[in-house]
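*Asks:* Based on what follows, work out the 3D shape:
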Amino acid sequence: MLRFNQFVAISALLTALIIVCSHASALQASRPTADSWAEFQSQVSAQTDPAATRAAEFLIAHHPQRDASIDSQLLSENLEFAIKARQSFPWAKSLSEDLFLNDVLPYAVLDETREHWRPQLFELSSEIVKGTSNATDAAQALNRELFKKVNVRYSTARAKANQSPLETMQSGLASCTGLSILLVDACRSVGIPARIAGIASWMDREGNHAWVEIWDGHQWRFTGAAEYDSNGLDRGWFTGPASLAIKGHELHGVWATSWKSTGDYFPLVWDLNDRSIPAVDVTSRYAKDHAENSGTHIIALRLWASRNGTRIAAPVKMISVLGVFDSKTFADPDDIN
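*Replies:* Below you'll find the predicted structure:
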């Protein structure tokens, strides 16, 4: 016969086992499975909206292998909010279906963590772009206000280069890639076609860089993420070194992301063996003619407050036989690349 204290101990153990098993079962039930895409397709097939059906079919046809198992609820939510953005903003309503599918609809940009970012960014971004009437002004407003609103800045102390939007907003720090992913997704959340462009290795210096391209209704334009310029798009400190890029070169070319396959891939500097991100070679939009560049030299300047101290921003005047040129150095929060 069991003593009372033995009975209590065994009962407690059985209760704990039941709780653990129940918790494990709940986790298993919520864990994405290989059937997620079939479930997503089934959910969409039950709808009567042909545009939503085509959008779902696009995601299914072009999703990367890493997403073979993914949360079907994330897919449904992503589709719902992408369609909502298309119906809510004037620049989105006039988009071609190809641009909407490839550069607004996707639930990710690179290989970042897959997460439910659309509802939060839709709410944040909708408020920021309120009162704008075109994609250019809306993208400029997002670049100017979003990073202040979510208290995010560039830092080499970020956890990883390829942070997702929610990871970046939680930490408050991001690489140029993390900042670009956040701005791309913010633009997409309000129906602006957006993608990351970047170079894996500069020709004239160490380092790499990533920035953002947006479709203004007529053509692709570019801007540095968290580097708003009141003078407009197609400006940035990186235009000089980008002008030396080599078309078609894996490391020294400028590539822009695509969701559907292109035959080329976007080089991930944190994993150059990964060739899973489709890309478009956009080098010709940045690189100048080599004859024009033959006599060009780029000077990189950094200014420190003291030896081993922090970098500081200051105006720079360069004087040469060609004339006088004004520039500036960057402070520590700014992208040193």
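*Asks:* use CA for all of it now, contacts and neighbours both
*Replies:* Will do.
*Asks:* Taking the centroid of this protein, which residue is nearest it?
*Replies:* For the chain, the residue nearest the mean C-alpha position is residue 181 (1.5 Å; C-alpha atoms, centre = their mean).
*Asks:* so who does it touch?
*Replies:* By C-alpha atoms under 8 Å, 6 or more residues apart in numbering, residue 181 lies in contact with 109, 162, 163, 164, 165, 196.
*Asks:* In strands, which of the residues you listed appear?
*Replies:* residue 196 (DSSP state E).
*Asks:* how many other residues sit next to residue 194?
*Replies:* 33 (other C-alpha atoms under 10 Å).
*Asks:* For the spatially closest residue to it that is not a sequence neighbour, give the beta-bridge partners.
*Replies:* Nearest residue to residue 194, sequence neighbours excluded (C-alpha to C-alpha, 6 or more residues apart in numbering): residue 214, at 4.4 Å. With DSSP bridges as the criterion, residue 214 is bridged to residue 194, residue 221.
*Asks:* What distance do you get for residue 214 to residue 315?
*Replies:* From residue 214 across to residue 315, the span is 30 Å (C-alpha to C-alpha, to the nearest Å).
*Asks:* More neighbours: which of these two?
*Replies:* Comparing residue 214 with residue 315 by other C-alpha under 10 Å, the one with more neighbours is residue 214, at 23 against 9.
*Asks:* Quick one, grab the pLDDT at the more buried one.
*Replies:* Model confidence at residue 214, expressed as pLDDT, equals 98.
*Asks:* any idea how far residue 259 is from it?
*Replies:* 15 Å.
*Asks:* now swap in residue 201 and tell me
*Replies:* Distance, residue 201 to residue 259, using C-alpha to C-alpha: 23 Å.
*Asks:* which one of these two has more residues nearby?
*Replies:* Taking neighbours as other C-alpha under 10 Å, residue 201 and residue 259 compare with residue 259 leading, 24 against 20.
*Asks:* what's the distance between the closest residue to that one other than its chain neighbours and residue 63?
*Replies:* Spatial nearest neighbour of residue 259, chain neighbours left out: residue 102 (5.5 Å); criterion: C-alpha to C-alpha, 6+ apart. From residue 102 across to residue 63, the span is 11 Å (C-alpha to C-alpha).
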